[in-house]
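Peer 1: The sequence and its predicted three-dimensional model are supplied below.
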Amino acid sequence: MNIPTTTENVRIFDTTLRDGEQSPGCSMTPQQKLVMARGLADLGVDVIETGFPASSQSDREAHALIARDLKDTTLAVLSRCLAADIETSLRTVQAAARPRLHLFLSTSPLHREHKLRMSREQVLESVHKHVTMARAHIDDVEFSAEDSTRTEEDFLHQVVATAIAAGANTINLPDTVGFTTPEEIRGMFERVIAQVPGADRVIFSTHCHNDLGLAVANSLAAIEGGARQVEGSINGIGERAGNCAIEEIVMALKVRNAFYNLGTRVDTRRIVPTSQLLSRLVGMPVQRNKAIVGANAFAHESGIHQHGMLRHRGTYEIMEPQDVGWPASQMVLGRHSGRAAVEQRLRALGYWLEEDELKLVFEQFKALCEKQRVVGDADLQALMQDASVSDGYRLSSMTISDVGSRANALVELSDPEGNRIAETAQGNGPVDALFGALSAATGVQLQLESYQVHSVGIGADARGEASLSVRSEGVEYQGTGTSKDIIEASALAWLDVANRLLRQRRVETTEAAVA
């Protein structure tokens, strides 16, 4: 499908690593953030917000790793309008080749009274003082008026004028609690840009949350009102109901280019691999009917739809699957496939590997080729899942048997040091017994919230995928596992969660020791 593009672009500010990570169960280690940042850079986003340095040693470490690796993408960090926060953030962000400091301060009456306990005059003084302080040390400063859409319009104009006069280059007007509607936010941007002195010297940005399911619609309306930067996250992950989904904004601007006459720098063919990369890193499956990146996004079951599709794809599809990175056909690899072919397919599936990692995976691939004639996408994903737990517990074997009306599970694991651990447990069924044995072997207690299984792949390449949502100490986590045996897939999903939880605890222990 030939979709026209334009040379004028909307900047894409990706906050998957900061705001997105605040989604329950979506925390990432510094190394995982680096992997995700590489994917975002390959996707072509303009700005990557790496974290909130003043709140976390882990965020500072993540930014340092990313800054050493990425030189062509602007890297931003978030900071409150506090001198100590700004100093910490400046020390962190200036490791980047293209640094941005992102300051924020609440402006709505509700926040001023109950959160900040500050008057209008005090807020304006703080904005001027701290934006000026930041600009004295860094050229690229973004200011966000938190809860803009519930701020009195006359005061919002004063705040924006103050930030511009103090040197901010980008002004962000967030819909922090997902409260606004498209008509309201379009008008807000139109009036700010038309009436505030100096508005023509800065880029206006929109950052919408999805509490009413309007984040993407509101972001598009903000663009119509003059915003030229959109902030959001991959798969729309984020606090509460999430953020504006980057992939939806990008494709809306591309498919409806004749209407918006705007584009982005994003390589849309990297959208699905990047979505799948995030899903694997945080263990949160993509909703099957999710626009653009869901498994059903290009599926047609209705006979009428199928008939139309066979005659012309445009009858029921407004874009082609390949436009967003869905493979036109699955590439099947075998014993004669070389390392370059394996690497190319892994990248198409959303995996970016270092040379030593690729060498290890290729050795495992060749070993798998000795056991089966062909290796498909699901097999490669299973290999990558196994390779990703080198610092955690690995499943060596398991046995499930019936004991009267109950099930008995025996599991054998290898721990991070390579020691063998074997434990048994009984339960009301095979999965219940299995999870009990895994808990005994790892010492991790998880409260199961939901458990789902479904098939991935087709024919001989089909595998079962297990997805679970659990709680530990009041925090929600997600995990996935794939195998040709669905019980084994369930074990891998449980270990996916346990290993992620244990990694997070190690990071927290390190941060506490440093503090």
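Peer 2: Everything's here; your move.
Peer 1: quick one: the helix or strand hosting residue 165 to chain centroid distance?
Peer 2: According to DSSP states H and E, residue 165 maps onto helix 153-166. Distance, stretch centre to chain centre, for helix 153-166: 32 Å (C-alpha atoms, centre = their mean, to the nearest Å).
Peer 1: Quick one: residues contacting residue 339.
Peer 2: 358, 362 (C-beta atoms under 8 Å, 6 or more residues apart in numbering). Heads up, the C-betas are built off the backbone N, CA and C, glycines and all.
Peer 1: Give me the distance between it and residue 361.
Peer 2: 9 Å (C-beta to C-beta, to the nearest Å).
Peer 1: How is this protein partitioned into domains?
Peer 2: Listed by the TED database, the domain ranges of the chain are 11-282, 299-386, 394-513.
Peer 1: For the first one, give the mean pLDDT please.
Peer 2: For domain 11-282, the per-residue pLDDT values average out at 96.
Peer 1: how far does it stretch from start to finish?
Peer 2: From its first residue to its last, domain 11-282 covers 26 Å (C-alpha to C-alpha, to the nearest Å).
Peer 1: Could you check how many residues crowd around the closest residue to residue 54 other than its chain neighbours?
Peer 2: Leaving aside its chain neighbours, residue 54 sits nearest to residue 85 (4.1 Å; criterion: C-beta to C-beta, 6 or more residues apart in numbering). As a burial measure, residue 85 scores 19 neighbours (other C-beta atoms under 10 Å).
Peer 1: Please, which helix or strand holds residue 85?
Peer 2: According to DSSP H and E, residue 85 maps onto helix 83-93.
Peer 1: can you pull out the helices in the stretch 201-350 of the chain?
Peer 2: Ranges of helices in the stretch 201-350 of the chain, per DSSP state H, counting those that start in this stretch, are 215-224, 246-255, 257-260, 271-282, 303-311, 339-348.
Peer 1: Could you export those helices as JSON lines, including distance to residue 197?
Peer 2: Output for the helices of the stretch 201-350 of the chain, formatted as JSON lines (distance: least, C-beta to C-beta, whole Å):
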{"stretch": "helix 215-224", "distance to residue 197": "21"}
{"stretch": "helix 246-255", "distance to residue 197": "29"}
{"stretch": "helix 257-260", "distance to residue 197": "28"}
{"stretch": "helix 271-282", "distance to residue 197": "39"}
{"stretch": "helix 303-311", "distance to residue 197": "54"}
{"stretch": "helix 339-348", "distance to residue 197": "48"}
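Peer 1: Could you point out which of those helices sits nearest residue 487?
Peer 2: Of all these, helix 271-282 sits nearest to residue 487, with 21.0 Å by C-beta to C-beta.
Peer 1: can you tell me how far the residue of the chain most remote from its centre sits from residue 433?
Peer 2: Largest separation from the mean C-alpha position in the chain: residue 404, at 45.3 Å (C-alpha atoms, centre = their mean). Using C-beta to C-beta, residue 404 is found at 12 Å from residue 433.
Peer 1: Leaving out chain neighbours, which residue sits closest to residue 138?
Peer 2: Of all residues not flanking residue 138 in the chain, residue 101 sits nearest, at 5.2 Å (C-beta to C-beta, 6+ apart).
Peer 1: Please look at the one you found and residue 91 and confirm they touch.
Peer 2: No - using C-beta atoms under 8 Å, residue 101 is not in contact with residue 91, being 11.0 Å away.
Peer 1: And those two? Which one has more around it.
Peer 2: More neighbours surround residue 101 than the other of residue 101 and residue 91, with 27 against 12 (other C-beta under 10 Å).
Peer 1: if we look at whichever strand or helix holds that one, which residues are touching it?
Peer 2: Assigned by DSSP H and E, residue 101 belongs to strand 99-106. Identification of contacts with strand 99-106 by C-beta under 8 Å, 6+ apart yields 47, 49, 74-81, 86, 89-90, 93, 112, 115-116, 123, 126-127, 130-131, 134, 138, 140-147, 168, 170, 172.
Peer 1: Show the contacting residues for residue 407.
Peer 2: 400-401, 426-430, 432-433.
Peer 1: bridging residues for it?
Peer 2: residue 402, residue 427 (DSSP bridges).
Peer 1: Quick check: pLDDT value at it.
Peer 2: You'll see residue 407 listed with a pLDDT of 93.
Peer 1: Residue 513 too?
Peer 2: On the pLDDT scale, residue 513 is placed at 66.
Peer 1: One more: residue 370?
Peer 2: Listed pLDDT for residue 370 reads 82.
Peer 1: pLDDT below threshold where in the stretch 301-450 of the chain?
Peer 2: 301-317, 327-332, 350, 378, 385-391 (pLDDT under 70).
Peer 1: Thought residue 252 was touching residue 318, still the case?
Peer 2: No - counting by C-beta under 8 Å, residue 318 stays clear of residue 252, with 10.2 Å between them.
Peer 1: Looking at these two now, which is surrounded by more residues?
Peer 2: Neighbours per residue, other C-beta under 10 Å: of residue 318 and residue 252, the larger number sits with residue 252, 20 against 12.
Peer 1: What is the neighbour count of the closest residue to the more buried one other than its chain neighbours?
Peer 2: Distance criterion C-beta to C-beta, 6+ apart; nearest residue to residue 252, sequence neighbours excluded, is residue 220 at 6.0 Å. Neighbour count of residue 220, defined by other C-beta under 10 Å: 27.
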